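Participant: quick one: sequence and predicted model below, then my questions.
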Amino acid sequence: MTNIGILHPGEMGVSIAASAVNSGHGVYWTSEGRSDKTRARAEKYHLQEVASINRLCEISETILSVCPPHAAEDVAKSVVQCGFKGNYLDANAIAPQRAKRIGAMMEANGIRFIDGGIIGGPAWKPNETFLYLSGKDAAVIADLFSNGPLETKIIGDEIGRASALKMCYAAYSKGTTALLSAILAAAETLGVRDELYQLWDADDPNFSEQANRRVARVTAKAWRFEGEMHEIADTFQEARLPNGFHEAAAEVYHRIAGFKDSLETPKLENVLDALSNNENMINPELKDSATDFTDSHGE
């Protein structure tokens, strides 16, 4: 049995932790600064509580970081500052060059770094969520989830490779949702949304309904996807490719980020209004927050 620390058990993180528990390992989380919602999740899936990140680093052989992309480096630095000397998985949606930078910092401080990229939603069913791993110690992480339902795949020894795959995958899956959001907002503003639906449905009878559903539902995660789009833009720039599309996608998600705490999926008309009116709906408490990781989501 391996002692594992999870930073932090949001909706995605707790599912990853649950797979480790299911595989016979002890998983710990730190309650310092966390919400009641996070506590309820951790208790439901039998995670063991410790009071501080210092204690978490003392008792853990491996630490898993599952947080919004803008916070990945701050989380890593906090672990380094605690004197941790075990295995560290960064499973966040970050550009490969950022993964390499974090990895170099970790290695310089005697920590074995593994790069990870999660494809899929929270890991509750087999063959639906995949953790791609790269780095010379990737097998150590893969072994932690032997009983699933999280699936793992090692794709090489090079740090940044798993993050690169995640960025390229999300560039399409989340980038196209941002594009659809902007298209619908533009069509609404210009008074041609019904005619656009007719054209779409002539090619695919279900497309309009699917587009509406994607745009309305993504509002719950838009606050987090904004940062992910910036990471994808940085990835494209590093690859000497145009990055403007995903910077624009970040702006799209920024405009609808304020729906994060809605108790139910908002009406499409409200989402389009927020997009076209350029209202800054984001909760100020979410901006540049390196401490609010309680609602991390996956693909």
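Facilitator: That came through fine.
Participant: which helices and strands does the strand or helix carrying Ser15 pack with?
Facilitator: Using DSSP states H and E, Ser15 sits within helix 11-22. When contacts are defined as 3 or more Cβ pairs under 8 Å, 6 or more residues apart in numbering; DSSP states H and E, helix 11-22 sits against strand 3-7, strand 26-30, helix 36-44, strand 62-65. C-betas here are computed from N, CA, C, even on glycine.
Participant: run through who's touching it.
Facilitator: 4, 6-7, 9, 27, 29, 41-42, 44-47, 64, 66-67, 91, 118, 121-124, 129, 131, 144-145, 147-150, 293, 295-298 (Cβ atoms under 8 Å, 6 or more residues apart in numbering).
Participant: next helix or strand past whichever strand or helix holds Tyr88?
Facilitator: Following DSSP H and E, one finds Tyr88 within strand 87-90. Going down the chain from strand 87-90, the next helix or strand is helix 96-108, by DSSP H and E.
Participant: quick one: list the elements packing against that following helix.
Facilitator: Checking 3+ Cβ pairs under 8 Å, 6+ apart, helix 96-108 ends up next to helix 72-81, strand 87-90, strand 112-119, helix 161-190, helix 222-238.
Participant: re the thing from before, now find how far off-centre the strand holding Tyr88 is within its chain.
Facilitator: Relative to the centre of its chain, strand 87-90 is centred 15 Å away, using Cα atoms, centre = their mean, to the nearest Å.
Participant: parallel or antiparallel, which strands does that strand pair with?
Facilitator: strand 62-65 (parallel), strand 112-119 (parallel) (DSSP bridges).
Participant: so where's this structure shaky on pLDDT?
Facilitator: 278-299 (pLDDT under 70).
Participant: let me see the domain layout of it.
Facilitator: Split into domains by automatic domain parsing, the chain comes to 3-161, 164-286.
Participant: please state the offset of the first one from the chain centre?
Facilitator: Centroid displacement of domain 3-161 relative to its chain, using Cα atoms, centre = their mean, is 12 Å.
Participant: again with stretch 210-217
Facilitator: That offset, for stretch 210-217, works out to 19 Å (Cα atoms, centre = their mean).
Participant: flag every buried residue along it.
Facilitator: By neighbour count on 16 or more other Cβ atoms under 10 Å, the buried set for stretch 210-217 is Ala211, Asn212, Val215, Ala216.
Participant: from memory the last one sits against Lys267, does it?
Facilitator: Yes: the pair Ala216 and Lys267 qualifies as a contact (Cβ atoms under 8 Å) at a distance of 7.3 Å.
Participant: coming back round to it: export the helices and strands packed on helix 11-22 to JSON lines and tack on mean neighbour count and distance to Ile155?
Facilitator: Listed next are these as JSON lines, based on neighbours: other Cβ atoms under 10 Å; distance: least, Cβ to Cβ, whole Å:
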{"stretch": "strand 3-7", "mean neighbour count": "25", "distance to Ile155": "22"}
{"stretch": "strand 26-30", "mean neighbour count": "22", "distance to Ile155": "25"}
{"stretch": "helix 36-44", "mean neighbour count": "16", "distance to Ile155": "29"}
{"stretch": "strand 62-65", "mean neighbour count": "24", "distance to Ile155": "18"}
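Participant: nearest spatial neighbour of Ala250, skipping sequence neighbours?
Facilitator: In space, Ala250 comes closest to Met229 once its chain neighbours are excluded; the distance is 3.7 Å by Cβ to Cβ, 6 or more residues apart in numbering.
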